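1. model this:
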Amino acid sequence: MQDRALKHFNKGADFAKQGEPEKAIDLLDKALAIEPHNDMLWVLRGSLLYDLGRYSDAIASHDKALELRPDYAVAWYSRGVALLKLDQYSDALTAFEKALEINPAYVDAKKRRELALHKRDSPSSS
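-> Purely as a prediction, here's the structure:
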């Protein structure tokens, strides 16, 4: 990571740890302006957006990471978690299954896949 991007990232990480996700996102956006092809920055941005309850925006950030690196299991998992919040169970299930294709030992993805299956197949989830 370039020095300027790394500085923005580090400051953003500090704000995230202090419970200030909006400031962290602003700094990640500055880092992404320098390094728009950094898949890790996109996933971190998506996670912060998720924490703010901005699930559709989080999915868009995870999608950007996946455009750059389709085999990024964490991005698939995080995308699935946001899709669950939007009650998009079939899409979430697909995301968790992709994460597990990439990393079959991904325990959290296995648990969330089961949750997505249950919610998708539950009559009360309609």
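
2. List the contacts of Asp57.
-> Gly46, Leu49 (CB atoms under 8 Å, 6 or more residues apart in numbering). Every residue, glycine included, has its C-beta placed from N, CA and C.

3. Give the next helix or strand downstream of the helix or strand encompassing it.
-> According to DSSP states H and E, Asp57 maps onto helix 55-68. Under the assignment DSSP H and E, the closest C-terminal helix or strand after helix 55-68 is helix 73-85.

4. Report the buried residues of that next one.
-> Within helix 73-85, the residues that count as buried by 16 or more other CB atoms under 10 Å are Ala73, Val74, Ala75, Trp76, Tyr77, Ser78, Arg79, Gly80, Val81, Ala82, Leu83, Leu84.

5. Could you point out the helix or strand that follows that helix?
-> Next element after helix 73-85 (DSSP H and E): helix 89-102.

6. Quick check: which helices or strands does that following helix pack against?
-> helix 73-85, helix 107-121 (3 or more CB pairs under 8 Å, 6 or more residues apart in numbering; DSSP states H and E).

7. JSON lines please, covering those helices and showing distance to Glu35 and mean pLDDT.
-> Output for the helices and strands packed on helix 89-102, formatted as JSON lines (distance: least, CB to CB, whole Å; pLDDT from 0 to 100):
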{"stretch": "helix 73-85", "distance to Glu35": "16", "mean pLDDT": "98"}
{"stretch": "helix 107-121", "distance to Glu35": "27", "mean pLDDT": "96"}
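
8. Dump the ones you listed into CSV; add distance to Ala31 as well.
-> Listed next are these as CSV, based on distance: least, CB to CB, whole Å:
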stretch, distance to Ala31
helix 73-85, 17
helix 107-121, 26
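
9. Return the residues in contact with the residue nearest the centre of the chain.
-> With distances taken as CA atoms, centre = their mean, the chain has Ser78 as the residue nearest its mean C-alpha position (3.6 Å). Residues near Ser78 by CB under 8 Å, 6+ apart: Val43, Gly46, Ser47, Tyr50, Ala58, His62.

10. what's the burial count for the nearest residue to the second one once chain neighbours are set aside?
-> The one in question is Gly46. Spatial nearest neighbour of Gly46, excluding adjacent residues (CB to CB, 6 or more residues apart in numbering): Ser61 at 3.4 Å. Each residue near Ser61 was counted by other CB atoms under 10 Å, and the total is 27.
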